[in-house]
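Asks: Any chance you could fold what I've pasted below:
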Amino acid sequence: FYMLLLGTDGRPGESEYRSDSIILARIDPTEKQATLISIPRDTKVVYKGETMKINATHFYDGPEGVIQAVNDLCFGGQEKISHYAEIDFEGMQKLIDAVGGIDINATEGVDDPEHLDIVIEPGQQHMDGATALTYARARYQYADGDYTRMRHQRQVLGALANKILNEIDPTTIMSTIESLSEMVSTTLSVQDILAVANAMRGIDVDNMYVANLPSWAGEDTYVNGQSYVFVIEDELAAMMERVEAGEDPEGPQTMGSDSSGDSTLGDISGKSDDSSEDSDSESSEE
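Replies: Numbers count the residues shown, from 1 in each chain. This next block holds a predicted model:
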């Protein structure tokens, strides 16, 4: 089944906000496989006859608006997305702290005092909620901006999945999910989440498929003076056919359409490179 994972920029006291993180997830409990496809928040869509950025659809109609926009964009209007889960900044931080933090390889450091309070050094480390949220929000210092941020978000989700599905004591999973559900707004019941979690236990998170939409932004992606991200439509259609089949999406990890062979969470986290280096080292020693 497909579900939409939404991270919102809502702050205390606000009733209207946008979905700044949009990830389409394909979950296959039978094969213990998951695919995460990031959708740039500035992606140009036509929603109810009006051109807007896809994250603005949340402002108009909440999660249902984003679901409709993503169904239109990725599935030609077919209603493929059956569930959503939504969380805000504070909720994400609390959720990660509630499971004891996550282990992650920071492929890029974070040092942006103008926008973020926490400095992160590159490398393998244990992150608490505040640090992981900083890693998932940073974008201004990177050459490809929001695309690096989306890669980091996929890393954080993968690390969180690994913590919940593979490291938490199975005898306490029910109470853990019940407490976490208070931080997330979702159409899944606690019983649904527990059933999926039990079915997905043992998943090899490093082999989760990950990508972002084939897309670009530049001087040629302005509409009425406003900057957008444009989707490369033929590449997106081909990628979604592979996703639908449960195959490697062969999608990009940055702007454009070049996948460069990076298609799993292990690839973008640098773990595949580490293993190949270890193998090369062992071969040379032999």
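
Asks: Direction included, what does the longest strand belonging to the chain pair up with?
Replies: Of all segments of type strand in the chain, defined using DSSP state E, the longest is strand 19-28. Paired neighbours of strand 19-28 in the sheet (DSSP bridges): strand 2-8 (antiparallel), strand 33-38 (antiparallel).

Asks: do you know which of those strands lies nearest Asp128?
Replies: Counting by Cβ to Cβ, Asp128 lies closest to strand 2-8 out of the strands paired with strand 19-28; the figure is 17.7 Å. From N, CA and C alone the C-beta is placed, and that goes for glycine too.

Asks: Buried residues of that closest one, list them for me.
Replies: Neighbour-count burial for strand 2-8, counted by 16 or more other Cβ atoms under 10 Å, picks out Tyr2, Met3, Leu4, Leu5, Leu6, Gly7, Thr8.

Asks: coming back round to it: show the average pLDDT along the longest strand of the chain.
Replies: Mean pLDDT, strand 19-28: 94.

Asks: Just the pLDDT for the nearest residue to Gln141 once chain neighbours are set aside.
Replies: Of all residues not flanking Gln141 in the chain, Asp112 sits nearest, at 5.0 Å (Cβ to Cβ, 6 or more residues apart in numbering). Note on Asp112: pLDDT of 97.

Asks: Helix, strand, or coil at Asp112?
Replies: coil (DSSP: H, G, I helix; E, B strand; the rest coil).

Asks: Confirm for me that it is in contact with Ala138.
Replies: Yes - the criterion here is Cβ atoms under 8 Å, and Asp112 meets it with Ala138 at 5.9 Å.

Asks: So if I had to pick from these two, which one is more boxed in?
Replies: Per other Cβ atoms under 10 Å, whichever of Asp112 and Ala138 has more neighbours is Ala138, with 22 against 18.

Asks: hey, what's the nearest residue to that one once chain neighbours are set aside bridged with?
Replies: Among residues not flanking Ala138 along the chain, Val110 sits closest, at 4.4 Å (Cβ to Cβ, 6+ apart). Here Val110 shows beta-bridge partners Ile120, assigned using DSSP bridges.

Asks: what's around Val110, how many residues?
Replies: By the criterion of other Cβ under 10 Å, Val110 has 22 neighbours.

Asks: what's the answer for Thr186, then?
Replies: 18.

Asks: what is it paired to in the beta sheet?
Replies: Beta-bridge partners, per DSSP bridges, of Thr186: Ala85.

Asks: what residues are up against it?
Replies: By Cβ atoms under 8 Å, 6 or more residues apart in numbering, the contact set of Thr186 is His83, Tyr84, Ala85, Glu86, Ile193.

Asks: let's go with 7 Å and repeat that
Replies: Contacts for Thr186 were tallied using Cβ atoms under 7 Å, 6 or more residues apart in numbering; they are His83, Tyr84, Ala85, Glu86.

Asks: Generate CSV for those, with pLDDT as supplementary columns.
Replies: CSV is the format used below for the contacts of Thr186 (pLDDT from 0 to 100):
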residue, pLDDT
His83, 98
Tyr84, 97
Ala85, 96
Glu86, 95
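
Asks: In those, which residue is surrounded by the most others?
Replies: Counting neighbours by other Cβ under 10 Å, Tyr84 comes out on top of these with 23 neighbours.

Asks: Roughly how far does it sit from Asp267?
Replies: Per Cβ to Cβ, to the nearest Å, Tyr84 is found 27 Å from Asp267.
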